[in-house]
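Asks: Sequence and computational prediction follow.
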Amino acid sequence: MPFSFDALRRRPDLEGTELPAVDAADRLILDESADARASLAPGDLVVIGDAYGALTLGSADAGARGIRVHQDELLGEEALAANAVDTGLTGTFQPHGLNAALLEGARVVLLRLPRSLHALDDIAGLIARYAAPDVVVFAGGRLKHMSVSMNDVLRKHFDRLDVTHARQKSRVLVARGPRPSTDPVPEEAVVDGIRIRAFGGAFAGASIDIGTRLLLAHLPAPRGGLAIDLACGTGVVAVALATRHPDLRVIASDQSAVAVASARATAEANGVADRVTVVRDDLLRTQPDASASFIALNPPFHAGAAIDERLAPRMFADAARVLQPGGELWTVWNSVLQYRPALERLVGPTRQVARDRKFTVTVSTKR
């Protein structure tokens, strides 16, 4: 069947007319890299940060095979797999972690620029260390999400950086000449007695955001021997629970690969890795029904660049599935989002525990 960007979808992620699966930056990266990709052998092409498969499948449609792909978000991986089936391009790529195996000997790298400069530094350093000496990196994004500081980060790791003309509010940075580099090292800080380790791109970095801080100030001792930190980020809540309650086991769950790596590093740094199990999961998909009595949640409210109030209710619903009758969901949320009616409807009776100028903490009891 003829390949068409219009056929690409975001599912199982949120979908809508305002949430496209492909954008002008994807198309520009493919156009700018077309000549470089034309002569590649199988396995020479690496794609990083491909939201829903446009870069990978666009390259596969042009003939690339053995494409190595890294996507931070699990839902992006699943969307790419589903889109590959729809377009008849299964078997043209392999998913990888952000590591040496992803980049060893790569000659062309297509990169959607991350918003975090720390994340870009980690990625660029890995490319420079492990890719082929003649590697060419095509790093693109939407102009509104790009900054001159990104040029500086790439120049740190590459001898030459060219900037393309803008098109449809998008631009591509082309880097060549990798410099000697090392593997990424997480940022580290001790905040309120917790040693936080954060790889580039992890929410809040090596700090505690004000919503999580308010939640931590009011979390009680969980009933039972197991608690869940849903959307765990760097694992601060999971580690705090495990540290405060030495007999407690904690599951920390996030769909972001960099969050999972950061949470594992944070658990290790605080000596609780034996009691904190970190999993990469879509919501709590791998957890059985009615298996937990306590869940803590600081839900995200962005789908990519857009604020989307549908994200948190999906989390509330899955938390309700996993909670036992009488179990509690402790949630912190930006007060303007007014999540309480959704919590009442999806989980059960909900009461306010704390509120400051910006955030609200509630506890919802599973019916």
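Replies: The structure has been received and is ready for your questions.
Asks: Give me the distance from the helix or strand where residue 352 lies to the chain's centre.
Replies: For residue 352, the element it lies in under DSSP states H and E is strand 350-355. From the chain centre to the centre of strand 350-355 is a distance of 29 Å (CA atoms, centre = their mean, to the nearest Å).
Asks: residues of that strand that come out buried?
Replies: 350, 353 (16 or more other CB atoms under 10 Å). The way it works is simple: take the backbone N, C-alpha and C, and place the C-beta from them, glycine included.
Asks: try stretch 351-367
Replies: So, applying 16+ other CB under 10 Å, buried residues of stretch 351-367: 353, 359-364, 366.
Asks: one step back: mind listing the strands the strand holding residue 352 pairs with, and their directions?
Replies: Strand 350-355 pairs in its sheet with strand 359-365 (antiparallel), by DSSP bridges.
Asks: quick one on the thing from earlier: so what touches the strand holding residue 352?
Replies: The contact list for strand 350-355 (CB atoms under 8 Å, 6 or more residues apart in numbering) reads 214, 217-218, 330, 335, 340, 343-344, 360-365.
Asks: of all those residues, which two lie farthest apart?
Replies: Pairwise distances across the contacts of strand 350-355 peak at 23.5 Å for 217 and 344 (criterion: CB to CB).
Asks: Contacts made by stretch 192-200 with the rest, please.
Replies: Residues outside stretch 192-200 that contact it (CB under 8 Å, 6+ apart) are 114, 116-123, 184, 186-190, 204-208, 213, 216, 234, 236, 239-240, 243, 258, 261-262, 265-266, 268-270.
Asks: Buried subset of those residues, written for ChimeraX?
Replies: Command for ChimeraX that selects the buried part of the contacts of stretch 192-200, burial taken from 16+ other CB under 10 Å:
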select :114,116,117,118,119,120,121,122,123,184,186,187,204,205,206,207,208,213,216,234,236,239,240,243,258,261,262,265,266,268,269,270
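Asks: Secondary structure element for residue 97, which one?
Replies: Residue 97 belongs to no helix or strand when assigned by DSSP H and E.
Asks: My guess is it contacts residue 70. True?
Replies: Yes. Residue 97 lies in contact with residue 70 (CB atoms under 8 Å); the separation is 6.7 Å.
Asks: got any residues that touch both of the two?
Replies: residue 257.
Asks: Those two: which is more packed in?
Replies: residue 70 (23 against 11; other CB atoms under 10 Å).
Asks: about what we covered before: show me which pair in the buried residues of stretch 351-367 is furthest apart.
Replies: Maximum pairwise distance in the buried residues of stretch 351-367, criterion CB to CB, is 22.8 Å, between 359 and 366.
Asks: partner residues bridging residue 229?
Replies: residue 252, residue 296.
Asks: Check the gap between it and residue 322 for me.
Replies: 13 Å (CB to CB, to the nearest Å).
Asks: list the residues that contact both of those two?
Replies: residue 295.
Asks: Now for the nearest residue to residue 86 once chain neighbours are set aside: which residues touch it?
Replies: Of all residues not flanking residue 86 in the chain, residue 7 sits nearest, at 5.8 Å (CB to CB, 6 or more residues apart in numbering). Contact analysis of residue 7 by CB under 8 Å, 6+ apart lists 83, 86-87.
Asks: where does the stretch 251-367 of the chain have low pLDDT?
Replies: For the stretch 251-367 of the chain, the stretches with pLDDT under 70 are 301-309.
Asks: hmm, 80 instead?
Replies: For the stretch 251-367 of the chain, applying pLDDT under 80 flags the ranges 301-310.
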